[in-house]
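**Student:** please work out how this folds:
(5 chains, ligands or ions: 4)
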Amino acid sequence: MSSSTLTRPVAAALDVAPEDYRRRAGLDVAARPGRFRLAVGRLARGSVAVVAFAALWEVAPRLGLVDRVFLPPLSVALGALADLVANGQLAVHLQASLTRALIGLSIAISAAIPLGAAIGRSPAVARLLNPVLELFRNTAALALLPVFVLVLGIGETSKIALVVYACFFPVLLSTITGVRTVDPLLLKSARSLGLHPLQLFTKVTLPAAVPTIFTGVRMAGAASILVLVAAEMVGARAGLGYLVTAAQQNFAIPDMYAGILTIALVGLAINAVLLLAERRLSRWRPSA
Amino acid sequence: MSSSTLTRPVAAALDVAPEDYRRRAGLDVAARPGRFRLAVGRLARGSVAVVAFAALWEVAPRLGLVDRVFLPPLSVALGALADLVANGQLAVHLQASLTRALIGLSIAISAAIPLGAAIGRSPAVARLLNPVLELFRNTAALALLPVFVLVLGIGETSKIALVVYACFFPVLLSTITGVRTVDPLLLKSARSLGLHPLQLFTKVTLPAAVPTIFTGVRMAGAASILVLVAAEMVGARAGLGYLVTAAQQNFAIPDMYAGILTIALVGLAINAVLLLAERRLSRWRPSA
Amino acid sequence: MTAALHVAGVRKDFVVRNQGASARFTAVQDLDLVVPDGQFLTVVGPSGCGKSTLLDLVAGLTAPTAGRILLHGAPVTGPATDRAVVFQQYALLPWRTARKNVELGLESIGVPRRQRARLADEHLHLVGLTGFEDRYPHELSGGMKQRVAIARALAVDPRVLLMDEPFAALDAQTRESLQEELLRIWRATGKTVVFITHGIDEAVYLGQRVAVMTPRPGRISDVIDIDLDPVPGQDVRSDPAFGRLRHRVWSALQHPAPDREVAHV
Amino acid sequence: MTAALHVAGVRKDFVVRNQGASARFTAVQDLDLVVPDGQFLTVVGPSGCGKSTLLDLVAGLTAPTAGRILLHGAPVTGPATDRAVVFQQYALLPWRTARKNVELGLESIGVPRRQRARLADEHLHLVGLTGFEDRYPHELSGGMKQRVAIARALAVDPRVLLMDEPFAALDAQTRESLQEELLRIWRATGKTVVFITHGIDEAVYLGQRVAVMTPRPGRISDVIDIDLDPVPGQDVRSDPAFGRLRHRVWSALQHPAPDREVAHV
Amino acid sequence: AGCSASTATADADASVTIRYQGSAGQVTLAELADDLGYFEEVTLEWVGDTTSGPQDIQSAATGQTDVGGAFNGAIAKLVAAGSPITSVISYYGSDDLAFNGYYVLDGSPIRTAQDLIGKKVGMNTLGAHHEFVVREWLAQEGLTPAEIAQVELIVVPPVSTEQALREGQIDVGTLGSVFRDSALERGGLRELFTDTSLYGEFSYGTLVFRDDFLAEHPAAAEDFVQGVARAIRWTQTQPREAVIARFEQIIEGRDREESTDLVQYWKSAGVAGPGGVIDPQEISIWTDWLVREGTLDEGQLDPEDLYTNDLNPYANGTFDPTSGPDGEVLP
Ligand SMILES: Nc1ncnc2c1ncn2[C@@H]1O[C@H](COP(=O)(O)OP(=O)(O)OP(=O)(O)O)[C@@H](O)[C@H]1O
Ligand SMILES: Nc1ncnc2c1ncn2[C@@H]1O[C@H](COP(=O)(O)OP(=O)(O)OP(=O)(O)O)[C@@H](O)[C@H]1O
Ligand SMILES: [Mg+2]
Ligand SMILES: [Mg+2]
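**Tutor:** Numbers count the residues shown, from 1 in each chain, chains lettered A, B, ... in the order given. Ligands and ions are numbered 1, 2, ... in the order given. Purely as a prediction, here's the structure:
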């Protein structure tokens, strides 16, 4: 060795292995042990911000930083929520909203996926429909609320139609993308194995597009709640949007906040359910 | 050749080259010649559906399929639109809405990108903020409209704040994704070339995340118009949402449709502008 | 005996749009090739010479513009399970386990579920993947993925196995181990194999015959008989006989232009 | 004369979490290597033996757990432009043109804009890419991308060029032409080159010396001098002398377990 | 201290700016007073249009505006919720000219309050005038609270009410103003009852100030009230055509991009008695009602605390209650 002035080694830091390396090293990445302990720890750390927010909400009205009448402390809102739960009203509103959201979302999904698949696979269909779809897609759903009410009436139809409208486009677009980005090699190799067009669609195109489609479905889930809140302000007798509006108009401000909290929780829950469904359907993917 | 019963060749179909092959073959894919003629042809074909929709709108009320009073023919709505343009009212409303949308979008973008970058790069920040961000993200913006009005008043502040709220999360999430999915190899190689952390961020991480961030910005653009329409229904004196609501309350139904048409066009325009910006910033990408 | 594969005077044109007008581009022309039943033929040639085009034609994925392709005497009219293809990029369905991937071709020919699983497991065993039946592709290494693809191709019991640079994406060690594996399987099953490769070493090591393709338009310019008999575990590639054969193939390939890289942007 | 690179007794441990506990995993250990100034050294070894780990250490991208690394006598404390790395996957910034990519390293050392462009164009010329300065990476072939990466590495005028399987992703033809190109550039610039590869042929063809690495933990088990002098346009690889050297390297690699593929899931 | 940033501002010549919300295509009484030149110490500032009475008084209560108007029942609720506001003048009500009617289809079996059980009644806003009137009517007609609870109240935009009624989506529609007139023109509707049929000529809504505004700007508040009172008196003493003509002139002059179609349907302010003086009964009726309904506890609110007539020139002795807008004796 043509040695020379050998100096001390550079700081002997230990680099932590990224997931990829752990996977290559054959370590079980998904089901990490000590998972429960980790989860609790993470929850605790994660809650810091939530707790801070809750504390602010509780204290600010009490200190007179904001008007107590119109922004009551969190505990008051929670009390109102508890009352609404106890007297069964919340269940009624929740059920009304969820039913509408679910029906609307289901209709939108079942319409958008086939149409998206057709557009994604056929340039001719795409050219025909794109302009009109672009026009509708960029028309804010809420601007159409009055039209829906005028044309479809004030009943369930117009509310569900608005949800369908708002949910349709995210699912449509993600389906188009999903179908278009299916690896052509997968299709080619499936074709070489003698699969017929229908088999190609159900066994290759659709499963390959599922993760992409799901991104759209989750966006649609959020959109459904968003427009529903507005739609239920008109012609509704029940629903979370109705609850919030009615409470506001009747100066039952704590009830209004209870309604908003519920909407937030419903949003979280829908998102969580769809994420779960997505994970179930995507178990085959490397965990991100 | 150990020949045998040679039969006729299979149908001599000519397969059309997909873009990829044209690129490999060195053909100019982006700037295709005959582009203008193609564009006109495409426009004509694309218009079929739009024209059909317009015709339906024109004819259905005239034939009495829908109530003319509540759904006047397209020509009547366009007439009202022309009047609004002529007397300058539309310009006032348009300006009011666009100003709000633009301010809100700008604030949201300038807040969400740095925060998203911080969350995307630091697991600690992510753990701290995620729960509270998840909570807010899943709270339908419109449910908070009453709260914004109560806390921030009926003026511009609450409207812009609602736009900011609605635009913030798409940009935040796409920034987080964008920053997280930067190819680690790019970072590694830039690091090996002696780039400092700040240089790494501005020269590698951020440019790499731009396309992803833009997806979020486009979603935010759509969201800004959506919530604005609702926000302008409360305590506004101008704006497209105000136009639609006021027209509805004044029983000026054609004006209402004129307003809705304008909202649709604004939606299209915002989307087109953002797409254009995206393309400008992504010229380096293979054309899709 | 009828040849397993008989390619006679095949031409394949593609329509390419250029300067606004459609033009024909002839990818392969006057292509003739006969592969006897049970033979292991390797096809070597520079990038873009039409190797994949030839394979797609034989697979029935595209139709020739002129000429005929016979498989065991019958004309090729489309994809069918008497041939099976293995691609360079594995082309496994990522949402299916190894077993379910192998079952794919069996589903297309309507094999009942029970039998499908049994056949799949048998073929996974054949490629040395027993124990990995329930793994998803992302849980397998590149070499293992390619083994699954081979098992999938073999499962439909094709008479001809078509392989388009199947080992090009693998690292050298894995490639060599899969080459040996493939030779073992070929000996065990007696299939006819058409194996496309870029690599002269690979072509010489695997093939009983090496067909050399030249481009513009692509055609078979030479067919070289390989009289080596590689023994597993021995370094045949360092053998002088190997070097001689390698050189013959290398020389046969030297016809085309040298500046290919830049010309092929 | 001081060696260009001196690796002495280097160990590198990684923390891996397993069974809930953190464990140390030793990637390389007792690693010794001396590369004289201006030498072309190739490093060959099975997948996972620690080749990239060694290269990252020399590049200063990671720090050794024990041992020392000297570059022209001075200890390595982090990345710097006295070394430059070329990776297998090019690692070009896709939103920058070829020229701008080459300028990246120059920006980090504060070369003025004008001079940057001039230096970039010079180095693109060196790798044979004059005329392609304004192309984006997606408009270049794999081989051209790797040329840009090489130009980028050379532009900062490093004394040592570190290359981690730079040609592994290229097809055989392109690989061979880039190999020749690299030798030409090396002769023209006189840089010290450490070239990592999986391929025995490549190691023997390119290197003045071949370092053979063995895994668990990774260390240099053999260093073989190569006394070939490849002449461009000649088929050196079919030469019996090449076969003999190839076999020596092949034998040096035969120590480790044969079932690597399956064991490395 | 404690004074919010949103309090009205006094400008150079000591005139106080009062912020308010208007109504698209309509002229509020304050705007009329301003146009008639009745304000001396008050400058009006329009901040936008309101969507409902509750929203309007909420804005006033939270300091977004300085004055707001709503149905008295809603005001009582807001006060009960803890908001310090005081009614100063009545600004709308019903009489034979201005009223809201509750209509059913000609062929409808609904004839009595009893028939409404389980039926749907559409109205533009909840918590406001229409809801209270329906509930009060049902109560007056002898329905028990349990029965009243079975009547479904539905929010329907006024523009959709007629359509919703004719299509059977609601059984009873609340119609007023232009919507009533145009719907009745088309025919096929039958009046069930009107708000006038409840109490006759009766004021239903008042304008409110925040208490801190009253304390800080007593003179401005008084000036505002007297101006509005005189404007009310003006409409009460002018021919309808003159009022409409004035409204058209105001609308055209204020440049808010509105049409004057709506004011053609104006018939009366509907305010009972001269100058919008608040009748104690107009307040107590709703506080009693809220107690009955369980929203308020017995004695929680003294109706007398909710309003003041002290600022109204027709009540505080400035003008004779029968005099005209300028205090003049009417012929
Ligand atoms: N669908 C197609 N449309 C147009 N040109 C095509 C098409 N398929 C192949 N080609 C052209 O035909 C020629 C042969 O292509 P092919 O893919 O068969 O080459 P190859 O020998 O397989 O190349 P490689 O070694 O790079 O895989 C190329 O010039 C290619 O650009
Ligand atoms: N950051 C890391 N964390 C944990 N383990 C690592 C890390 N980097 C490398 N290793 C492990 O160290 C060993 C050597 O890895 P390295 O990437 O250096 O191998 P290599 O010889 O370059 O392999 P290949 O030929 O596949 O590129 C492997 O077992 C790898 O799993
Ligand atoms: Mg090919
Ligand atoms: Mg490596």
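**Student:** contacts only, for residue E:54.
**Tutor:** Residue E:54 is in contact with A:248, A:249, A:250, A:251, E:70, E:74, E:78, E:125, E:127, E:128, counting by Cβ atoms under 8 Å, 6 or more residues apart in numbering or on different chains. Where C-beta positions appear, they are placed from N, C-alpha and C, glycine not excepted.
**Student:** report pLDDT for residue 32.
**Tutor:** With no chain named, the answer covers chain A. Looking at residue A:32, its pLDDT reads 42.
**Student:** chain E is the one I meant
**Tutor:** 92.
**Student:** swap in residue C:11?
**Tutor:** Per-residue confidence (pLDDT) for residue C:11: 90.
**Student:** my read: it touches residue C:64, true?
**Tutor:** Yes. Contact criterion Cβ atoms under 8 Å: residue C:11 and residue C:64 qualify, at 6.5 Å.
**Student:** comparing these two, which residue is more hemmed in?
**Tutor:** Neighbours were counted for residue C:11 and for residue C:64 using other Cβ atoms under 10 Å in any protein chain shown; residue C:64 has more, 27 against 20.
**Student:** doesn't that one belong to a strand?
**Tutor:** No. With DSSP: H, G, I helix; E, B strand; the rest coil as the criterion, residue C:64 is assigned coil and is not in a strand.
**Student:** which residue is the nearest non-sequential neighbour of it?
**Tutor:** Among residues not flanking residue C:64 along the chain, residue C:10 sits closest, at 4.7 Å (Cβ to Cβ, 6 or more residues apart in numbering or on different chains).
**Student:** that neighbour belongs to a strand, doesn't it?
**Tutor:** Yes. Under three-state DSSP, residue C:10 sits within a strand.
**Student:** who's in contact with it?
**Tutor:** With Cβ under 8 Å, 6+ apart, residue C:10 has these contacts: C:28, C:30, C:31, C:32, C:54, C:57, C:64, C:66, C:67, C:68, C:69.
**Student:** please produce a markdown table containing those, extended by secondary structure.
**Tutor:** Shown next, in a markdown table, are the contacts of residue C:10 (three-state DSSP):
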| residue | secondary structure |
| --- | --- |
| C:28 | strand |
| C:30 | strand |
| C:31 | strand |
| C:32 | strand |
| C:54 | helix |
| C:57 | helix |
| C:64 | coil |
| C:66 | strand |
| C:67 | strand |
| C:68 | strand |
| C:69 | strand |
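**Student:** the residue lying closest to residue E:84 once chain neighbours are set aside: how many residues sit nearby?
**Tutor:** Nearest residue to residue E:84, sequence neighbours excluded (Cβ to Cβ, 6+ apart): residue E:211, at 4.1 Å. Using other Cβ under 10 Å, residue E:211 has 13 other residues around it.
**Student:** run a quick neighbour tally on the closest residue to chain A within the stretch 101-250 of chain E.
**Tutor:** The nearest approach of the stretch 101-250 of chain E to chain A comes at residue E:127, 3.6 Å away (Cβ to the nearest Cβ). The number of residues packed near residue E:127 is 25, by other Cβ under 10 Å.
**Student:** torsion angles phi and psi at it?
**Tutor:** Here is the backbone geometry of residue E:127 (degrees, to the nearest 10): phi 80, psi 0.
**Student:** any idea how far chain B is from it?
**Tutor:** When distance is defined by Cβ to the nearest Cβ, to the nearest Å, residue E:127 is 13 Å away from chain B.
**Student:** below-threshold pLDDT in chain E: ranges please.
**Tutor:** Along chain E, segments meeting pLDDT under 70 span E:1-14, E:257.
**Student:** for the chain, just list every one of the helices.
**Tutor:** Using chain A. For chain A, the helices defined by DSSP state H occupy A:19-24, A:35-62, A:74-86, A:89-121, A:123-137, A:145-152, A:156-180, A:184-192, A:197-200, A:206-231, A:240-249, A:253-281.
**Student:** chain C was what I was after
**Tutor:** Under DSSP H, chain C gives helices at C:51-59, C:98-108, C:113-126, C:142-155, C:172-189, C:200-206, C:240-253, C:260-263.
**Student:** contacts for the first one, please.
**Tutor:** By Cβ under 8 Å, 6+ apart, the residues outside helix C:51-59 that reach it are A:192, C:5, C:7, C:10, C:12, C:27-28, C:31, C:33, C:43, C:45, C:62-64, C:69, C:71, C:76, C:79, C:83, C:85, C:160, C:162, C:164-165, C:194, C:196, C:213, C:218.
**Student:** one more time with 6 Å
**Tutor:** By Cβ atoms under 6 Å, 6 or more residues apart in numbering or on different chains, the residues outside helix C:51-59 that reach it are A:192, C:12, C:27-28, C:43, C:45, C:62, C:64, C:69, C:83, C:85, C:162, C:164, C:196, C:213.
**Student:** which bits of the stretch 51-200 of chain C sit near chain B?
**Tutor:** C:62, C:63, C:64, C:65, C:68, C:73, C:75, C:77 (Cβ under 6 Å from any Cβ of the partner chain).
**Student:** list the buried residues for the helix or strand hosting residue E:213?
**Tutor:** Secondary structure assignment for residue E:213, by DSSP states H and E: helix E:211-216. Buried residues in helix E:211-216, counting neighbours by 16 or more other Cβ atoms under 10 Å in any protein chain shown, are found at E:213, E:214.
**Student:** now do that helix: distance to the chain's middle.
**Tutor:** Counting by Cα atoms, centre = their mean, to the nearest Å, helix E:211-216 is centred 22 Å from the centre of its parent chain.
**Student:** run through who's touching that helix.
**Tutor:** E:66, E:84, E:86, E:221.
**Student:** looking at the residues you listed, which are in helices?
**Tutor:** Among those, the members falling in helices are residue E:221 (criterion: DSSP H).
**Student:** below-threshold pLDDT in the stretch 51-200 of chain A: ranges please.
**Tutor:** For the stretch 51-200 of chain A, no range has pLDDT under 70.
**Student:** residue numbers of the stretch 51-200 of chain E in contact with chain B?
**Tutor:** So the stretch 51-200 of chain E meets chain B at E:51, E:59, E:64, E:159, E:178 (Cβ under 6 Å from any Cβ).
**Student:** check the secondary structure at the residue lying closest to residue E:323 once chain neighbours are set aside for me.
**Tutor:** Nearest residue to residue E:323, sequence neighbours excluded (Cβ to Cβ, 6+ apart): residue E:329, at 5.8 Å. Following three-state DSSP, we place residue E:329 in the coil state.
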